[in-house]
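K.L.:
coordinates only, no sequence provided:
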């Protein structure tokens with residue numbers, strides 16, 4: 001599983017931005033809470049850059065790009081790059097749908113159907 005610091009470092013290496021680690025941590029926390037609620041049906045928690053840099057995030061391969069897409073979208077939104085923002089947020093939504101479907105297939109029990117005979 002990727003850590004908070006790894007995701008921020010990857011995005012910073014690919015996208016020039018002047019936002020602080022604290023701001024980026026808050027944005028990743030938002031994504032993580034959405035993942036926790038929509039996929040795992042639990043409560044997520046907010047991260048603090050100073051204490052949670054090495055904390056592993058909920059999703060690993062092949063879905064860890066979800067965090068990068070969300071973070072890049074937030075950066076682009078705040079920089080006024082709305083076409084890029086829309087593109088990245090669309091990719092984020094698609095990957096979230098993929099992750100939900102994967103989780104359901106892998107971990108949720110099958111519904112049993114009953115046949116009634118008269």
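P.N.:
On my side now, so go ahead. In this text the structure is predicted, and so the values were computed from the model without any measurement. Residues are numbered from 1 along each chain as shown.
K.L.:
quick one, helices of the protein?
P.N.:
4-14, 21-38, 49-52, 65-78, 82-107 (DSSP state H).
K.L.:
determine which stretch of those helices is the most buried.
P.N.:
Burial of these is given as mean neighbour count (mean count of other C-beta atoms under 10 Å); helix 65-78 ranks first at a mean of 22. Quick note: C-beta positions are derived from backbone N, CA and C, even for glycine.
K.L.:
what angle do it and helix 21-38 make?
P.N.:
130 degrees (axes from the mean of the first three to the mean of the last three C-alpha atoms, to 10 degrees).
K.L.:
helices or strands up against helix 65-78?
P.N.:
Contacts defined by 3 or more C-beta pairs under 8 Å, 6 or more residues apart in numbering; DSSP states H and E place helix 65-78 against helix 4-14, helix 21-38, helix 82-107.
K.L.:
residue ranges with poor pLDDT in this protein?
P.N.:
109-118 (pLDDT under 70).
K.L.:
residue 42 contacts residue 35, doesn't it?
P.N.:
No: using C-beta atoms under 8 Å, residue 42 is not in contact with residue 35, being 9.7 Å away.
K.L.:
distance check, residue 93 against residue 100.
P.N.:
Distance from residue 93 to residue 100, counting by C-beta to C-beta, to the nearest Å: 11 Å.
K.L.:
oh, that last question was meant for residue 52, not what I typed.
P.N.:
Distance from residue 52 to residue 100, by C-beta to C-beta: 25 Å.
K.L.:
ok so, going back, switch the helices of the chain over to CSV; also include distance to residue 59.
P.N.:
Formatted as CSV, those follow (distance: least, C-beta to C-beta, whole Å):
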stretch, distance to residue 59
helix 4-14, 10
helix 21-38, 6
helix 49-52, 16
helix 65-78, 6
helix 82-107, 6
